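Student: The following block contains a protein sequence and its predicted model.
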Amino acid sequence: MLTACTPQSLPRHHQPPAPAAPANQAVSWHDYQTKNSPALVNSSSPAEDSVIDTKQTYDLPALVDLALHTHPETRVSWEEAKAAAARLERNRSTWYPTLTAMAFGQHFKNSFPIPGGALVSHGYAAFGSLDLAWTLFDFGRRDALVEAGAERLSEANFAFDRKHQEIAYRVASSFFAYQAALAKVTAAQQTFESAKTNADSVQARLKQGLATKPDLLLALQEQAKASYDLQDARGAVTQTRADLTTNLGISPAYALQLIDMSKLPLPEGLEPSVEKIVDQALEQRPDLMARLAELRAREAEVKKARAEFWPKVSLRGMVGNQYWGNVHTNPPGNENYSANDMVNTAMLNVEWTLFDGFERSNAVREAEAKKQVSQAQLDTLRLEIMRDIWKAYADTKTALEKREFALALLKAAEESYAATQESYTHGFSTVIELLSAQKDLARARYTEIDSRATLLRAAATLVYVSGGQSQGGLNTDREALGGSLPH
């Protein structure tokens, strides 16, 4: 169980950052923080409070689901995917015409010299119009732009899915480490109790003249060592608990009920063919699919760069009205007149850049180079995936075998300690043999705990590097994050 600790003044992930320092240095940071943003004083956020149930017993799938709702990194990936969707719609908008309204008014006074004086004209004018601009043909520029935007959206979607898998893997790893730390506290407590029992036994035999003072000192030494190891194990629980809450994206102040690691089912075997796992990973790993989408986006950018060598054909039109009112002219006659005219224009424009200092040629070279970079990054990721799978497969296979030997070691150590303790009671074994058996049993307990945690962690790693969807009950539910994205 995750126990509660003293709440800390931790900022919530969705709050805007507070100023780096208070404006008045005579004010303490806590007072300044409370005055300017009282919500920051709490170590938890409403989003966390709404999804965390401190009465529920969380298993690993439930913890993963909790992390996907509370961890800020999922929100980052989600918003990046939404931004990519918005960019795609912006690219699609280039297929539509642009309609602009314009209006202005002015008061004028003009003076023109004439023989014997000046001709003065003054009055006011107003003008309003609607301008239409529509690109009819651009020889593939917009097609390439939309294609690149669609591939960037696919890339963001795959990155979003991989972020879910990454968070699930981190939660699983920290959960196994935390549970192992708890189990080691129990093992250390058992070792301490055994050491105390042995010290009491040596003390009793010393009073009967059947043991020596050095025997008692050795037993007390082992008791002190067992007490030290117990405190060290408790400290490890605090550290691993902090790691777990960090990966969950919640405050360490929350007290969560967790399932015991001993109740977790262990993997019983492996896929006989590692090549099959590699093939599946190369087909389904989201980050690899994201790299492939990036490569296709780069190819679309090359198409757009090459299309810049061709002309653009566009339609432009304008309809407007201009009005001149209360116009006076002096001299002669002091006339006063007004005018109201409609203005209409329509143009078919052909724009073709003939020379630009090789800017377009270099743009094509740049786009092709970036495409080659993306191709190389894709090939590199493929190699890394194959390496990681082979390594994770070997680690899991080794962990399965070590688990069997750890259980056998624990059983043998328990039997050896029990026999040595009984033998010492009857005077057939020395205190050194008793304490040695005690230390062997303590190491065997730790080895068994480590073997279980290592096997679970190795299996989780194999699922993660292969891009599997069963990572601790992984559920990439986009609706839970506020909507769905176009594909």
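Tutor: It's in.
Student: Helices of the stretch 301-450 of the chain, start to end?
Tutor: 359-425, 431-465 (DSSP state H, counting those that start in this stretch).
Student: Looking at those, which is nearest to residue 66?
Tutor: Closest to residue 66 of those is helix 431-465 (Cβ to Cβ; 16.9 Å). For every residue, glycine as well, the C-beta is placed using N, CA and C.
Student: quick one, the closest one and helix 359-425 angle?
Tutor: Here helix 431-465 runs at an angle of 150 degrees relative to helix 359-425 (axes from the mean of the first three to the mean of the last three Cα atoms, to 10 degrees).
Student: could I get the helices of the stretch 301-450 of the chain as JSON lines with distance to residue 240?
Tutor: JSON lines is the format used below for the helices of the stretch 301-450 of the chain (distance: least, Cβ to Cβ, whole Å):
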{"stretch": "helix 359-425", "distance to residue 240": "19"}
{"stretch": "helix 431-465", "distance to residue 240": "10"}
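Student: for these, which one sits closest to residue 252?
Tutor: Using Cβ to Cβ, the helices of the stretch 301-450 of the chain put helix 431-465 closest to residue 252, at 21.1 Å.
Student: Can you tell me the closest non-neighbouring residue to residue 96?
Tutor: residue 134 (8.0 Å; Cβ to Cβ, 6 or more residues apart in numbering).
Student: Could you verify that that neighbour is part of a strand?
Tutor: Yes: assessed by DSSP: H, G, I helix; E, B strand; the rest coil, residue 134 belongs to a strand.
Student: roughly how far apart are it and residue 292?
Tutor: Note on residue 134: its distance to residue 292, by Cβ to Cβ, to the nearest Å, is 35 Å.
Student: Looking at the two, which has the bigger crowd around it?
Tutor: Taking neighbours as other Cβ atoms under 10 Å, residue 134 and residue 292 compare with residue 292 leading, 18 against 14.
Student: mind listing what that one touches?
Tutor: Residue 292 makes contact with residue 378, according to Cβ atoms under 8 Å, 6 or more residues apart in numbering.
Student: now it: how far from residue 261?
Tutor: With distances taken as Cβ to Cβ, residue 292 is found 38 Å from residue 261.
Student: same thing with residue 313?
Tutor: For residue 313, the distance to residue 261 - Cβ to Cβ - is 69 Å.
Student: So if I had to pick from these two, which one is more boxed in?
Tutor: residue 261 (19 against 16).
Student: Name the stretch among the helices of the stretch 301-450 of the chain that sits most buried.
Tutor: Of these, the one with the most neighbours on average (mean count of other Cβ atoms under 10 Å) is helix 431-465, at a mean of 21.
Student: helices or strands up against that helix?
Tutor: helix 141-207, helix 213-248, helix 359-425 (3 or more Cβ pairs under 8 Å, 6 or more residues apart in numbering; DSSP states H and E).
Student: buried set for the second one?
Tutor: Of the residues in helix 213-248, those buried by neighbour count under the rule 16 or more other Cβ atoms under 10 Å are 215-216, 218-220, 222-223, 225-226, 229-230, 233, 236-237, 240-241, 243-245, 247-248.
Student: Is it possible to get TSV of the helices and strands packed on helix 431-465 that adds mean pLDDT?
Tutor: Converted to TSV, those look like this (pLDDT from 0 to 100):
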stretch	mean pLDDT
helix 141-207	94
helix 213-248	94
helix 359-425	95
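Student: want to throw these into a markdown table with distance to residue 465?
Tutor: Formatted as a markdown table, the helices and strands packed on helix 431-465 follow (distance: least, Cβ to Cβ, whole Å):
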| stretch | distance to residue 465 |
| --- | --- |
| helix 141-207 | 9 |
| helix 213-248 | 18 |
| helix 359-425 | 4 |
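Student: residues contacting the closest residue to residue 215 other than its chain neighbours?
Tutor: Excluding its sequence neighbours, the residue lying closest to residue 215 (Cβ to Cβ, 6+ apart) is residue 431, at 4.2 Å. Residues in contact with residue 431 (Cβ under 8 Å, 6+ apart) are 198, 202, 211, 215, 218-219, 424.
Student: And residue 431, how close does it get to residue 259?
Tutor: On the measure of Cβ to Cβ, residue 431 and residue 259 end up 41 Å apart.
Student: likewise residue 420?
Tutor: Residue 420 is 36 Å from residue 259, where distance means Cβ to Cβ.
Student: mind listing what the residue nearest to residue 301 when sequence neighbours are not counted touches?
Tutor: The shortest distance from residue 301 to any non-neighbouring residue, by Cβ to Cβ, 6+ apart, is to residue 367 (4.8 Å). Residue 367 makes contact with 298, 301-302, 304-305, according to Cβ under 8 Å, 6+ apart.
Student: Next: residue 308.
Tutor: 141, 353, 360, 363.
Student: Pop the domain breakdown of the chain in here.
Tutor: 1-40, 44-95+147-310+357-481, 97-137+312-351 (automatic domain parsing).
Student: how about residue 253, secondary structure?
Tutor: coil.
Student: Count residues in the vicinity of it, would you?
Tutor: For residue 253, the count of nearby residues is 16 (other Cβ under 10 Å).
Student: Please apply the same query to residue 467.
Tutor: Residue 467 has 23 neighbours, counted by other Cβ under 10 Å.
Student: Quick check: nearest residue in space to it, chain neighbours excluded?
Tutor: According to Cβ to Cβ, 6+ apart, the nearest residue to residue 467 is residue 285 (3.3 Å).
Student: My read is that that neighbour contacts residue 466, right?
Tutor: Yes: contact criterion Cβ atoms under 8 Å: residue 285 and residue 466 qualify, at 7.3 Å.
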